[in-house]
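> I'd like to go over a predicted model; first the sequence, then the structure.
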2 protein chains.
Amino acid sequence: MRLLLVEDDQTLQNNLKQHLLSANFTVDAACDGEEGLFQGQEYEYDAAIIDLGLPKLDGIKLITELRRDHHDYPILILTARDNWQDKVEGLDAGADDYLSKPFHPEELIARLNALIRRSVGKASPLIKNGPLCLNISSHEITMAGKIISLSGSEYKLFAYLMMHIGEVKSKSVLIEHIYDQDFDLDSNVIEVFVRRLRKKLDPEGKFDLIETLRGQGYKLKHLT
Amino acid sequence: MRLLLVEDDQTLQNNLKQHLLSANFTVDAACDGEEGLFQGQEYEYDAAIIDLGLPKLDGIKLITELRRDHHDYPILILTARDNWQDKVEGLDAGADDYLSKPFHPEELIARLNALIRRSVGKASPLIKNGPLCLNISSHEITMAGKIISLSGSEYKLFAYLMMHIGEVKSKSVLIEHIYDQDFDLDSNVIEVFVRRLRKKLDPEGKFDLIETLRGQGYKLKHLT
DNA sequence: GTGCGTAATAACAAAGTTATTACTGAATTA
DNA sequence: TAATTCAGTAATAACTTTGTTATTACGCAC
């Protein structure tokens, strides 16, 4: 899951980024509204975290612009104080959730997970697909009851596919949601990680979990 | 819109119910976890409001149970104090939003409306045309119930025609929409791919799906 | 019917995609 | 520091698709 983080306080930005990275998110950070707008237009993120008090272009305007240009990934706003007015304005501008400083990074992560989950149409943090099961909050994966342990990148790929069961995702889309801005689109990482996932999840290839659609992409099959 | 409200504090329950009723919601109230679970299983609500501190069966367990049984309506939790751990647990269990007491009933209503709005509104990605059916997100194509598998270019051509049922599209238009800018317009690729499509979709030629209009182009017939 | 231009068809070789394995260097951990 | 794990690259094998060519069939005007 790739996030946009727009926060001008460098210390807080770094701190949040660390927490988000260790929760297996991919993070693009921006430190003012203009940069945030540019990045937010550039990619279709899985979610954005936007501080309301930003230099150059304030948070409310940033959100308004993004929504006007039909970017509809979930947006979570950070407000400086417990300012009721700010929150209402933010939500009215098109944000989906807010958090007042100071907050616990764990809470931010929990809220992001809930937002993303809901935005892809999943209500429960347990995503089930036949014998497969993913717990978004604990990152635990089981296949036919057996616990599967995945590396960071394997997890990112798998989680993204589980949030989009049955949908064809091209390699470029997968790269965009798993890696940050400057990653080589011509690399064959996706092929390699698809291979690794297939081997870990279903070593005997009994299920054909991840289907290849030549020239189109990969699809995690919807299983019964 | 029908809501489930699970709150043990009788005064608060009545108060909220009043507000919700006057906001034109229909409200079923329960005053402990067990009753909440029973009602929550019974009916597919548009949203549920659940207090975390409940007698008999606590809120977290209630949410976990509901989600396990695939009730996917949005859940908003109420937490007693500003206890972030409760919130995190609640969100991890599958709640979508929270509100800390005390709160303004207006804010509850605003959040409920936002949740419900988001949980509805997911356009179906299906395009149907008589016995033909195309699912844009899974790239799955069925013809009279049978799954048809197409190669990348076949898919592009077919999808384009399905998005323009009944319209005549010249070969040059088709080439322009399927290939990037500089593709030889004198090639006969379209003829070849039309042929391949016809053969895959309707091998016996019973339907005459793709009509040829000599000198003008091809047309995917509108079927009943 | 003849003839011209357009479309259908079949077969083929080149080009492109994906699978698979092995390897390197970086990061992490003991 | 050595050992281990992991990410990403590279090379190549296996396989599919693509677009061309060549040929045949068809539609239409005269």
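Sure, I can see it. Residues are numbered from 1 along each chain as shown, chains lettered A, B, ... in the order given.
> so is the least confident helix or strand in chain A by mean pLDDT next to chain B?
For chain A, counting by mean pLDDT, DSSP states H and E, helix A:84-93 ranks last in confidence among helices and strands (a mean of 84). Yes. Counting by C-beta under 8 Å from any C-beta of the partner chain, chain B has neighbours in helix A:84-93: A:Leu91. C-betas here are computed from N, CA, C, even on glycine.
> just the CA atoms of that helix, as PDB, please.
Presented in PDB, the C-alpha positions along helix A:84-93 are these (Å, rounded to 0.1, in the frame of the first residue of the first chain):
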ATOM      1  CA  TRP A  84     -13.400  21.400  16.100                       C
ATOM      2  CA  GLN A  85     -13.700  24.000  13.300                       C
ATOM      3  CA  ASP A  86     -10.700  22.600  11.400                       C
ATOM      4  CA  LYS A  87     -11.900  19.100  11.400                       C
ATOM      5  CA  VAL A  88     -15.300  20.000  10.100                       C
ATOM      6  CA  GLU A  89     -13.800  22.100   7.300                       C
ATOM      7  CA  GLY A  90     -11.500  19.200   6.400                       C
ATOM      8  CA  LEU A  91     -14.200  16.700   6.300                       C
ATOM      9  CA  ASP A  92     -16.400  19.100   4.300                       C
ATOM     10  CA  ALA A  93     -13.500  19.500   1.800                       C
END
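> point out the other helices and strands that that helix packs with.
When contacts are defined as 3 or more C-beta pairs under 8 Å, 6 or more residues apart in numbering or on different chains; DSSP states H and E, helix A:84-93 sits against helix A:59-68, strand A:75-79, strand A:97-100.
> can you list the buried residues in that helix?
A:86-87, A:89-91, A:93 (16 or more other C-beta atoms under 10 Å in any protein chain shown).
> up against chain B, what does chain A have?
So chain A meets chain B at A:91, A:96-97, A:103-104, A:106-107, A:110-111, A:113-114, A:118-119, A:121, A:123-126, A:137-138, A:166-168, A:213-216, A:219, A:222 (C-beta under 8 Å from any C-beta).
> filter those residues to the buried ones?
By 16+ other C-beta under 10 Å, the residues of chain A next to chain B give A:91, A:96-97, A:107, A:110-111, A:113-114, A:118-119, A:123-126, A:137, A:166-168, A:213, A:216, A:219 as buried.
> restricted to helices, list these.
Here DSSP state H is the test, and those give A:91, A:107, A:110-111, A:113-114, A:118-119 as lying in helices.
> Provide the contact partners of the least confident helix or strand of chain A at residue level.
A:52, A:59-60, A:63-64, A:67, A:77, A:79-80, A:98, A:100, B:110, B:114 (C-beta atoms under 8 Å, 6 or more residues apart in numbering or on different chains).
> out of those residues, which are buried?
Counted by 16+ other C-beta under 10 Å, these give A:52, A:59-60, A:63, A:77, A:79, A:98, A:100, B:114 as buried.
> out of these, which is nearest to DNA strand C?
A:Ile77 (30.4 Å; C-beta to the nearest atom of the strand).
> so what's the closest one up against?
Neighbours of A:Ile77 in contact, by C-beta under 8 Å, 6+ apart: A:49-52, A:59, A:63, A:87, A:90-91, A:95, A:97-99.
> among the residues you listed, which are within reach of DNA strand D?
Counting by C-beta under 7 Å from any atom of the strand, nothing from these sits close to DNA strand D.
> in three-state terms, label A:Leu157 for me.
With DSSP: H, G, I helix; E, B strand; the rest coil as the basis, A:Leu157 sits in helix.
> gap between A:Ala47 and DNA strand C?
Distance, A:Ala47 to DNA strand C, by C-beta to the nearest atom of the strand, to the nearest Å: 24 Å.
> swap in A:Asp72?
Distance from A:Asp72 to DNA strand C, by C-beta to the nearest atom of the strand: 28 Å.
> before we move on, what about A:Glu107?
From A:Glu107 to DNA strand C the distance is 24 Å (C-beta to the nearest atom of the strand).
> so that residue touches A:Leu99, yeah?
Yes. A:Glu107 is in contact with A:Leu99 according to C-beta atoms under 8 Å; the separation is 6.8 Å.
> related to what we said a few turns ago, B:Lys200: which of the contacts of helix A:84-93 is nearest?
Nearest to B:Lys200 among the contacts of helix A:84-93 is A:Arg67, at 41.7 Å by C-beta to C-beta.
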